[in-house]
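Asker: Take this sequence and fold it.
(chains A and B)
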Amino acid sequence: MTQYEIIIGLETHIQLNTRAKIFCGCKADSWGDEPNTNICPVCSGLPGTLPVLNAEAVQKGALLAAAMHAEINPRSIFDRKNYFYPDLPKGYQITQFFEPIGKGGYLDLDMPDGAQKRVRINRLHLEEDAGKTKIDHGVRLVDFNRCGVPLIEMVTEPDLRSGAEAAQYLTQLRQLLRWIGVSEADMERGHLRCDANVSIREKGSTVLNTKTEIKNVNSIDAVRLGIEMEAKRQIAEVEAGRKVESWTLDWDAEKGVLQKMRSKETEADYRYFREPDLLPALLSTTEIERIKASLPELPLARKARFISAYQLSAYDSDILTSERGLSDYFESTVAAYGGEPKIVANWMINELLRLIKEKGLEASQLRITPLHLSEIIRLVDSGKINAATGKLLVSKVDTTGQSPAQIVQSEGLGAISDDSELIAIVDAVIADSPKEVESFKAGKESLLGWFLGQVMRRTGGKADPRRARELMLERLK
Amino acid sequence: MNYTDLSAFEISQKVRSGEIKAVEMVEAALAQIAAVDGVQGQLDYKGQDPAQDDKVHAFISLTSDLARSQAAEVDRKVAEGDDPGLLAGVPLSVKDIFCVEHTHTTAASRMLANFEPPYTATAVNRLTQAGALLVGKTNLDEFTYGSSSESSAFQPCPYNPWNPKYAAGGSSGGSAAAVAARETPLSLGTDTGGSIRQPSAFCGVVGLKPTYSRVSRYGLIAFASSFDCPGPITRDVRDAALMLQAIAGSDPQDSTSSTVAPSDYRSALEQDVRGLRIGLSPDYGHISYPDTETGEISYQAIQREVSQAVFNAAEALARAGAEIIENVPMPNSRFGIPAYFVISRVEAASNLHRFDGVKYGFRTTHPFNDLSELYRLSRAEGFGVQPKLRILMGMYVSAAQHAANYYQRALKVRAMIRKDLTDAFNPKGAYRLDALLTPTTPTTAFKRNDVFGNTVLMQYSDQMTVCANHAGMPAITIPGGLDQAGLPIGIQFIANDFREDLLFRAGRAFETATASAAWRAIKPIVLSNQQVIS
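Answerer: Below you'll find the predicted structure:
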């Protein structure tokens, strides 16, 4: 049987999180706004208006280029891509065709099986987004709010070989975009959009066969699924002696299927030419150096450092570097705590991440600070509180904003270290539970847990569980 | 004192001193318009009234109420001792390609017949902030595509005030006619391949195409964005300097506008031409055009009276102390029109994309089945012949399979044309010119309907003007005499980037040297008609 290889290239559109749109002063983010309320004569393409380049978009584009190890173009140039569509009010899109802001570069993928894979980047360019159209009761409606939102289009070389690799690329890209702060990278909100070019070939061959393009995929899972389905379809075509045709396929998210949009036999001619209404976007050598220097340590490098410097497992490091704020939080806590980093890692992965998930916040937005967390861990270490109280404290500190010590004192959460107090409670539990005592003595030793539960309840969880157990066993025997 | 004979400079002085009220100037301008303009251009005009044959038809719409309220504001400032501005109380008309808030801005096209922009062009704003009074919007070729104003969807089109059977030129024909017919002393035009200078020459007025980027294009409905220049049309050089002073300078809404500070153009007027090096080029003695079959270039001498006027001007300037440098080569000027034909149409086709019947402007009144039919019908019905021809040509020469042969090659030619001029102006070069003196047009005004319909021939009336547009350099036309038919002749000066001051010096010196020439006393015929009538 013939062995096939899947060849995948991804085109991503990344919405930059600038304050204003790329060519006018309207705010860039229209999420939740009524249609056509965030527009002006410039972004709605009224005659006589002119675009004015937003420098922040150029800065963020260059920062992304630097993060992708791409060559930053000191003189990138805007062009017009001419076509008609109602969501494109000027009848052309301002983009960078001949001289993009970034050329080349790569992203290293850390595959779950431990393998590393380098995906080469062909180019990155700046462009404006178009609006949206929809059909409502048979009427076609246009919303221009999104017109002029700054995008980076980034194109990979055909280096990916499976749906899983494509998904990993997107996962790491999304992480990177948030990490360097250029995009919110929320796929559901369209901050990160992906088109996949898919073709197949016999394993060992080096030719590039006819590809199809999958469009409108709005989740990482859908990208993986869509690619796998399309590769299967292409293989079936070839096996049946047919040819793969150059189609554009639309991902139907509701049905989870691919639908043919159009044949690409006659490629549109966009008649690209230089946009005469804009000067080149210039970046001096000094600015480019400053942008490169402003790049933070990138996720993969930080993950590797966590493994070597803190002796964390790859698994823990992966989780703690999933988001830059989380990894910063970890390092601040480790520094404040001074003890085993692994202990901090456990607290963060088990407790802090739960809190983050519950609240839908980022680490840096929590009220509980690294200083608070390190204090809690130290309280537990010293036996002043037990681990359960420590976990409770994490939530309490975050809710109140008070320091752990304050809360321990005001709520009397300190562990009961006085034996006489604990003995009295243990005795009371035994006295109140004659039936259970009988059963225990008859051999149902699993009831020990129940007795300890009673002790914990009566102490409000403050009993040192180890000592309580010793005392209970001693009394019951 | 006849108010409409006053220059903008004189009006601003008199309004400032309180000798004339701005509100009186508005009424004088409106009265002159009522007397000479006739019916304003309109869609589907079917009029056959012979009384309209000797009218000017410079305007598409009047903004009388706006002008009156602006005049009241100027008068209030004068009364209260506030600065009323450089152009206080000066009536102004604006080519109807500039957006003016809450007024119709038609581009002389059915496509925009009902378009009211929610913003005002920067150049217009600067003029009215300087105290000018906007009395109306002038007629033009549809979307500025032409050299006779005859392609306007709003008819009747402007007639030449010197002989209404002749074309006013174009595309700023309405503006040039309005200034020549004393309707407004100032008009704001646009020049892409000669659209200020050619009609100014035909109508015997002064027209300046500033350096590209000197004046903001914001609010100007684009023809060819890398060429378009707003600029003054006036009756004398001093008024042109005054008007440029008001509109020049960088604009945050046009990022291509230059940040080079404008010169003090008024003080340039005080300097004479002694020591200026003014060039003449044999390449401006003829027009040259390629044979449509063989591509071979044929030459045709320009009208003798026009070249004579240029030599007369050179002699007058020499007497005034300028040094005349002959035989300056401009070998690439013969490619000016073909290169312009290609580049301008590529940009025009793209700029017209936005007019699709979806958002504003004209939408077909016929039923349509789908989106592409809406596009097709709206554009077929909304655009006249000129926009359609330019879309076809622009699409063709920028198509993937043709762009290298046409568009990309034309851009290279454009750079060569600029080099001809930069070499001539190079202070370390062989010629070291301050300005190049040329005819503005190969002929004086042609008869209406004579050239219209032949797009290529029409385009060749811009051959003397278009090279300054390719180069982005400033050029001015000033009246240089009358031909035997009594039609005005324009002479042109071209200078290096941002050297409008040199154009004003040379132009002013020529005006002074010919102040008592007999032809200067002759006025356009529509003004004498008026005197006969009254």
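Asker: C-terminal to whatever helix or strand A:A164 lives in, what's the next element?
Answerer: Assigned by DSSP states H and E, A:A164 belongs to helix A:163-179. Following helix A:163-179 in sequence order, the next helix or strand is strand A:192-202 (DSSP H and E).
Asker: buried set for that next one?
Answerer: By neighbour count, with 16 or more other CB atoms under 10 Å in any protein chain shown as the criterion, the buried positions of strand A:192-202 are A:L192, A:R193, A:C194, A:D195, A:A196, A:N197, A:V198, A:S199, A:I200, A:R201. C-beta: built from backbone N, CA, C; applies to glycine.
Asker: in chain B, what residue is nearest chain A?
Answerer: Using CB to the nearest CB, the closest approach of chain B to chain A is made by B:H353 at 2.3 Å.
Asker: Am I right that that residue is in contact with A:K81?
Answerer: No. The pair B:H353 / A:K81 is not scored as a contact, 10.8 Å apart, by CB atoms under 8 Å.
Asker: Identify the contacts common to these two.
Answerer: A:Y92 (CB atoms under 8 Å, 6 or more residues apart in numbering or on different chains).
Asker: which residues touch the closest residue to chain B within the stretch 51-200 of chain A?
Answerer: Of all residues in the stretch 51-200 of chain A, A:G91 sits closest to chain B, at 2.3 Å by CB to the nearest CB. Shown in contact with A:G91 (CB under 8 Å, 6+ apart): A:G45, A:N82, A:Y83, A:F84, B:S350, B:L352, B:H353, B:R354, B:F355, B:D356.
Asker: Taking these, tell me the two that lie furthest apart.
Answerer: Using CB to CB, the pair of the contacts of A:G91 lying farthest apart is A:Y83 and B:F355, separated by 14.7 Å.
Asker: who has more neighbours, these two?
Answerer: For A:Y83 versus B:F355, neighbours defined as other CB atoms under 10 Å in any protein chain shown are more numerous around B:F355 (26 against 15).
Asker: The nearest residue to the more buried one once chain neighbours are set aside and A:L46, how far apart?
Answerer: Closest residue to B:F355 apart from its sequence neighbours, by CB to CB, 6 or more residues apart in numbering or on different chains: B:M111 at 5.0 Å. Per CB to CB, to the nearest Å, B:M111 is found 13 Å from A:L46.
Asker: These two: which is more packed in?
Answerer: Each of B:M111 and A:L46 has its neighbours counted (other CB under 10 Å); B:M111 has more, 28 against 22.
Asker: Now, the contacts of A:G91 that are in helices?
Answerer: B:S350 (DSSP state H).
Asker: avg pLDDT for stretch A:397-414?
Answerer: Taken as a whole, stretch A:397-414 carries a mean pLDDT of 85.
Asker: Actually, stretch A:215-222.
Answerer: Stretch A:215-222 shows a mean pLDDT of 90.
Asker: and the longest helix seen in chain A, what other elements does it pack with?
Answerer: In chain A, assigned by DSSP H, the helix with the most residues is helix A:220-239. Secondary-structure packing of helix A:220-239 (3 or more CB pairs under 8 Å, 6 or more residues apart in numbering or on different chains; DSSP states H and E): strand A:4-15, helix A:163-179, strand A:192-202, strand A:212-217, strand A:247-252, strand A:257-263.
Asker: which strands and helices sit next to the third one?
Answerer: Helices and strands touching strand A:192-202, by 3+ CB pairs under 8 Å, 6+ apart, are strand A:4-15, helix A:163-179, strand A:212-217, helix A:220-239.
Asker: How is chain A partitioned into domains?
Answerer: A:4-291, A:297-410, A:419-476 (automatic domain parsing).
Asker: Go ahead and measure how far the second one is from the middle of the chain.
Answerer: Computed by CA atoms, centre = their mean, to the nearest Å, the separation of domain A:297-410 from the middle of its chain amounts to 20 Å.
Asker: now do the same end-to-end measure for it.
Answerer: One end of domain A:297-410 to the other measures 42 Å (CA to CA, to the nearest Å).
Asker: picking up where we left off before, give me the distance between the residue of chain B closest to chain A and B:I97.
Answerer: As judged by CB to CB, B:H353 and B:I97 stand 17 Å apart.
Asker: how about low-confidence regions in the stretch 1-150 of chain B?
Answerer: Scanning the stretch 1-150 of chain B with the threshold set as pLDDT under 70 gives no residue ranges.
Asker: May I see the buried residues of stretch A:126-145?
Answerer: Buried positions in stretch A:126-145, judged by neighbour count with 16+ other CB under 10 Å: A:L126, A:E127, A:E128, A:D129, A:A130, A:G131, A:K132, A:V142, A:D143, A:F144, A:N145.
Asker: hang on, I meant stretch A:312-321
Answerer: For stretch A:312-321, by 16+ other CB under 10 Å, it's A:L312, A:D316, A:S317, A:D318, A:I319, A:L320, A:T321.
Asker: In TSV, list the residues you listed along with pLDDT.
Answerer: TSV is the format used below for these (pLDDT from 0 to 100):
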residue	pLDDT
A:L312	95
A:D316	95
A:S317	95
A:D318	92
A:I319	94
A:L320	96
A:T321	94
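Asker: which one of the domains of chain A lies closest to B:Q42?
Answerer: Minimum separation from B:Q42 across the domains of chain A (CB to CB) falls at domain A:4-291, 20.9 Å.
Asker: So which bits of chain A are right by chain B?
Answerer: Counting by CB under 8 Å from any CB of the partner chain, chain A comes close to chain B at A:41, A:44-53, A:80, A:82, A:84, A:86, A:89-92, A:140, A:142, A:269, A:271, A:273, A:276-279.
Asker: which among those residues end up buried?
Answerer: A:41, A:44-53, A:80, A:82, A:86, A:89-92, A:142, A:271, A:273, A:276-278.
Asker: Among those, which ones are in strands?
Answerer: Using DSSP state E, the members of those that fall within strands are A:R80, A:N82, A:Y92, A:V142, A:F273.
Asker: tell me the pLDDT at the third one?
Answerer: With respect to pLDDT, A:Y92 scores 98.
Asker: repeat for the fourth one
Answerer: The confidence metric pLDDT takes the value 95 at A:V142.
Asker: For the host helix or strand of A:L64, name the packing helices and strands.
Answerer: Secondary structure from DSSP H and E places A:L64 in helix A:55-67. Packing partners of helix A:55-67 (3+ CB pairs under 8 Å, 6+ apart): strand A:71-72, strand A:102-103, strand A:116-128, strand A:150-156, helix A:285-293.
Asker: Helix A:55-67 and the last one, what's the angle between them?
Answerer: It refers to helix A:285-293. Relative orientation of helix A:285-293 versus helix A:55-67 (axes from the mean of the first three to the mean of the last three CA atoms, to 10 degrees): 60 degrees.
Asker: rewinding a little: kindly reformat the buried residues of stretch A:312-321 as JSON lines and extend each row with secondary structure and distance to A:H372.
Answerer: As requested, these are exported to JSON lines (DSSP: H, G, I helix; E, B strand; the rest coil; distance: CB to CB, whole Å):
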{"residue": "A:L312", "secondary structure": "coil", "distance to A:H372": "22"}
{"residue": "A:D316", "secondary structure": "helix", "distance to A:H372": "21"}
{"residue": "A:S317", "secondary structure": "helix", "distance to A:H372": "23"}
{"residue": "A:D318", "secondary structure": "helix", "distance to A:H372": "25"}
{"residue": "A:I319", "secondary structure": "helix", "distance to A:H372": "21"}
{"residue": "A:L320", "secondary structure": "helix", "distance to A:H372": "18"}
{"residue": "A:T321", "secondary structure": "coil", "distance to A:H372": "22"}
